[in-house]
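Colleague: okay, here's the prediction I keep looking at, along with the sequence it came from:
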Amino acid sequence: MGDIVPRELISLADDEGNSVSVDVLGRSPTWSGGLDAEIVVATPFVSGRCHLVLSVSKLQSWSDALNRLDAGEDVAWMEMSRGASISIRLIGERDCPEVVVEDESGSMVTVRVPIALPDGWIADHRRRLHQLMEHWVPVLSA
């Protein structure tokens, strides 16, 4: 894989300027089994960031979420853990896909972002996850 360190686990964006991403910042300084990451929401109306720590099990649950999305199901990722969660609804309130970022335990803010998802976005995210796990899981296990 060379010197390129995979950073972007999730990148959902459309031509309207709406986006939600999860960016891996590196190994957590406070937990050897975790990765520091942040959820980044950007829209023409509102934008923000929320810190989180990803574990191997959270990455594996993202894989499960992608499988459910591929089967046509809505998903909630990291819903049962402390910190922020991300829900993806394939048909949201505005009859298009929407991503809901909820930071109930921190800021107590919820942001709903309608995003027109491109064809092939699930396959793209499986590739992102695979690259990220290929690079980071051995580092976290060391």
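Modeller: Everything's here; your move. Since the model is a prediction, treat every value here as computed from it, not as a measurement.

Colleague: would you tell me which helix is longest in this structure?
Modeller: helix 121-141 (DSSP state H).

Colleague: so what does it touch, helix or strand wise?
Modeller: If you count contacts as 3 or more Cβ pairs under 8 Å, 6 or more residues apart in numbering; DSSP states H and E, helix 121-141 packs onto strand 8-13, strand 19-27, helix 56-70. C-beta: built from backbone N, CA, C; applies to glycine.

Colleague: which helices and strands sit right next to the last one?
Modeller: Using 3+ Cβ pairs under 8 Å, 6+ apart, the elements in contact with helix 56-70 are strand 8-13, strand 75-77, helix 121-141.

Colleague: if I pick Pro114, what's in contact with it?
Modeller: Contacts for Pro114 (Cβ atoms under 8 Å, 6 or more residues apart in numbering) come out as Asn18, Gly92, Glu93, Arg94, Cys96, Pro97, Glu98.
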